[in-house]
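Chemist: predicted model follows, preceded by the sequence.
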Amino acid sequence: MFPKKMVMIIGVIILIVVNIIGLSVSNRRYLSHYGPGRIAIYLIAPFQEAASRSIRFVRDVWGHYFFLVKVTKENDNYKKALSQAIEKNTKYKELKLSNVRLRSLLKFQKAITNLALAAEVIGKDPSPWFKTIIIDKGKDDGVEKGMAVVIPEGIAGQVIEVSSDYSKVLLIIDYNSSVDALVQRNRARGIIKGGSEDRCLFKYVLRKHDITIGDTVVSSGLDGVFPKGLIVGHVSGVVRPNSGIFQEVSVTPYVDFEKLEEVLVLLSS
Amino acid sequence: MTFCFHFFICLCLVIFQTTVMPYLPLFDRFYDLLSPFVIYLSLFHSVRDSIPVILFFGFVMDSLSGGPFGLYLTTYVWLFVGVRWIITFLHVGDSFLLPFVVAAGVLMQNCIFIGTVAMLEPGSRFSSATINTVGVQVFWAIFTGPIFLMFFNYFHGRWNRWLKKVFVKKS
């Protein structure tokens, strides 16, 4: 009845429409409790964990041993005597560094009133357009969906998917993320949303508030996820348009998301 | 056995992309490594061999990513369909055209991703960094995409020869 070409075109259009509706529905249902993604995380995360640990081991050996061996080459006469001392020194240095890092984490853990669980980052989002990480703690460790994830420098994100031993964390720089926050100096309130280039947008801040570059932004505690007073970042740009009731504020998080290795999950947020 | 080979390669690519690549600053804005594999499947393998792998790893990537569930699945399926359609009238097995096919695939994937984000978050702003990222990914794809395709093809050949040897010895 219809030409074959026309049927094909109509078919493709219908497929595209169904596809868009499907994506739209899955995006709305993102926070449902029993996502099928848990199975894949359960299957893939052990491999990610093994790979991450191997990388860290190789990186540590490379950074603290081979580099120092290269230096000792300049002093051939002392090479044998020095290599042992250097190796020991390297171990101590590494221990010291991890000690400092863990102490800071522990100090922070004591400072916050919630019960916190330390976790290691074992994988990152495969796409540059979305910002999530996989951590090595899951339901068996007491992690639940919606829990806040922080580090001493500030808020990192929140748990969005949990399997028995691993969890997926949505970072605050992802466009899907929202944190209720306020400016520490004048208590101007707004919502921190993920932006581009590892920055955040501080949305819905009224024009009447005087916000300047460098102001610190902290969590307000009103979203029910992040406790009040946790640092988010500092204001890095303010645009006050001539019309409208809100101003456009950019916030640079204090957390360096490229170097995220250990995090704390707030168990009783 | 071809399935095992495909699953093994895909698993390696996923692990490499999510654990090793984030630590290499040079590959900060590298494209999705499964895209050339999907293109490889559509160029050199049958629909029956390819579809289960594409569906499974689309599902895996969707689970590991923070995007809307089904986005990777959508991208891979349309990429597969697109390349299958192209080869009906264009001989893309020709090594001269391979870089452009991979680059087009990566561009198409990025367009779907950006389009989806724009559609689901109408207020989202795309800066020059977005265009820059897409440009860098396409650039990488042009120069490294054909290498991946040739590697997959070569490795599959080796795998088949090794299997033949093993089964001939046993029989």
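Modeler: That came in fine, so what should we check first?
Chemist: the longest helix seen in chain B packs against which elements?
Modeler: In terms of residue count, the longest helix belonging to chain B (DSSP state H) is helix B:128-170. Using 3 or more Cβ pairs under 8 Å, 6 or more residues apart in numbering or on different chains; DSSP states H and E as the contact criterion, the secondary-structure elements in contact with helix B:128-170 are helix B:2-15, helix B:34-44, helix B:98-120. In this view, the C-beta of every residue, glycine as well, is placed from N, C-alpha and C.
Chemist: can we see that at 6 Å?
Modeler: With contacts defined as 3 or more Cβ pairs under 6 Å, 6 or more residues apart in numbering or on different chains; DSSP states H and E, the packing partners of helix B:128-170 are helix B:34-44, helix B:98-120.
Chemist: what angle do the shortest one and helix B:2-15 make?
Modeler: What separates the directions of helix B:34-44 and helix B:2-15 is an angle of 160 degrees, with axes from the mean of the first three to the mean of the last three Cα atoms, to 10 degrees.
Chemist: residues in contact with stretch A:167-182: which ones?
Modeler: Residues from elsewhere that reach stretch A:167-182 (Cβ atoms under 6 Å, 6 or more residues apart in numbering or on different chains): A:130-135, A:138, A:143, A:149, A:155, A:157-161, A:189, A:191-194, A:198, A:217, A:219-220, A:222-223, A:226, A:232, A:257, B:66, B:121, B:124.
Chemist: show me those residues that map onto strands.
Modeler: Per DSSP state E, strands hold the following members of the contacts of stretch A:167-182: A:132-135, A:149, A:155, A:157-161, A:189, A:191-194, A:217, A:219, A:232.
Chemist: residues of the stretch 101-250 of chain A that sit close to chain B?
Modeler: Within the stretch 101-250 of chain A, the positions near chain B by Cβ under 6 Å from any Cβ of the partner chain are A:123-130, A:132, A:170, A:174-175, A:196-197.
Chemist: which one of these has the most neighbours?
Modeler: A:Gly123 (27 neighbours; other Cβ atoms under 10 Å in any protein chain shown).
Chemist: who does the strand or helix carrying that residue pair up with?
Modeler: A:Gly123 belongs to strand A:116-124 when assigned by DSSP states H and E. Taking DSSP bridges as the criterion, strand A:116-124 forms sheet pairs with strand A:132-135 (antiparallel), strand A:262-266 (antiparallel).
Chemist: for that strand, which positions count as buried?
Modeler: Within strand A:116-124, the residues that count as buried by 16 or more other Cβ atoms under 10 Å in any protein chain shown are A:116-117, A:119-124.
Chemist: so where's the chain uncertain?
Modeler: Just going to use chain A. When the per-residue scores of chain A are filtered using pLDDT under 70, the ranges that remain are A:1-2, A:28-36, A:66-83, A:86-87, A:90, A:94, A:109-114, A:268-269.
Chemist: try again with chain B
Modeler: B:92-95, B:122-126, B:169-171.
Chemist: tell me which parts of it are close to chain A?
Modeler: B:15, B:17-19, B:22, B:29, B:60-61, B:63-70, B:74, B:113, B:116, B:120-121, B:124, B:127, B:129, B:133.
Chemist: which positions within stretch B:147-158 qualify as buried?
Modeler: Buried-residue list, stretch B:147-158, by 16+ other Cβ under 10 Å: B:148-149, B:152, B:156.
Chemist: ditto for stretch B:37-49
Modeler: Under the neighbour-count criterion of 16+ other Cβ under 10 Å, stretch B:37-49 has B:37-43, B:45 buried.
Chemist: what is the burial count for the closest residue to A:Leu222 other than its chain neighbours?
Modeler: Once its chain neighbours are removed from consideration, A:Leu222 has its nearest residue in A:Asp180; the separation is 4.5 Å (Cβ to Cβ, 6 or more residues apart in numbering or on different chains). Residues contacting A:Asp180 under the criterion other Cβ under 10 Å number 18.
Chemist: in chain A, which residue is closest to the centre?
Modeler: By Cα atoms, centre = their mean, the mean C-alpha position of chain A lies nearest to A:Leu171, the distance being 3.6 Å.
Chemist: what's the spacing between that residue and B:Asp62?
Modeler: Distance of A:Leu171 to B:Asp62, computed by Cβ to Cβ, to the nearest Å: 18 Å.
Chemist: can you lay out the residues of the stretch 101-250 of chain A next to chain B as CSV showing distance to A:Asn19?
Modeler: Formatted as CSV, those follow (distance: Cβ to Cβ, whole Å):
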residue, distance to A:Asn19
A:Gly123, 27
A:Lys124, 27
A:Asp125, 22
A:Pro126, 20
A:Ser127, 18
A:Pro128, 22
A:Trp129, 18
A:Phe130, 18
A:Thr132, 23
A:Leu170, 24
A:Asp174, 22
A:Tyr175, 20
A:Ser196, 25
A:Glu197, 29
